[in-house]
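Undergrad: take this sequence and fold it.
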Amino acid sequence: MSNSIKAKATAGAGMRGFTLIEVMIVVVVIAILASIAFPAYTEQVRQARRADATAGLLNVSQQLERCFTQFAAYNNANCGVAFPQNSPEGHYEITAPVRNATQFTLTATPVAGGVQAGDTRCTSFSLTQAGVQTATGSLGNDCWRR
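TA: Numbering: from 1, shown residues only. Sure, this is the predicted structure:
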């Protein structure tokens, strides 16, 4: 062998790369981390969207309280509060199943077919004129605190 061929052969011997086993180990570690992180991330997103429901209910409640202050009735035609309406970010629909002159109950439920519709931990939120906050789902009234 000539000297130039030997130089090329020995230059390649010093180069290193990753073996298939090393690459597979890295892929497995990343997959394990992703399987832990993704559910935690989606639950955080759901919790943030739940805040949309509570904010919407509190906002509509304030509008109805202003109406009561001006017209001495929650259901006065001059109030201008229409139902159903969407929450500020549009993830929930707010309705008033009970609304008369002296009381109201507001309910926020996920928009049908929306991204929040699969939330089984907090399926709906309710608020009354007395400030009573309730929720349905596996978390119950803890939904208002999360």
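Undergrad: how many neighbours does the residue lying closest to N75 once chain neighbours are set aside have?
TA: Spatial nearest neighbour of N75, chain neighbours left out: R99 (5.2 Å); criterion: C-beta to C-beta, 6 or more residues apart in numbering. For the C-beta atoms, the positions are set from N, CA and C on the backbone; glycine is no exception. R99 is flanked by 18 other residues according to other C-beta atoms under 10 Å.
Undergrad: again, but for I94
TA: 22.
Undergrad: partner residues bridging it?
TA: On the basis of DSSP bridges, I94 is bridged to Q85, A108.
Undergrad: could you measure from it over to A73?
TA: 19 Å (C-beta to C-beta, to the nearest Å).
Undergrad: so which bits of stretch 38-48 are buried?
TA: R46 (16 or more other C-beta atoms under 10 Å).
Undergrad: what does it contact?
TA: 116, 119, 121-122, 146 (C-beta atoms under 8 Å, 6 or more residues apart in numbering).
Undergrad: could you give me the average pLDDT of that stretch?
TA: On average, the pLDDT along stretch 38-48 is 87.
Undergrad: also stretch 126-142?
TA: Confidence over stretch 126-142 (mean pLDDT, whole number) is 92.
Undergrad: buried ones in it?
TA: Buried residues in stretch 126-142 (16+ other C-beta under 10 Å): 126-127, 129, 135, 137, 139.
Undergrad: likewise stretch 74-90?
TA: Those would be 74-75, 79, 81, 87, for stretch 74-90 by 16+ other C-beta under 10 Å.
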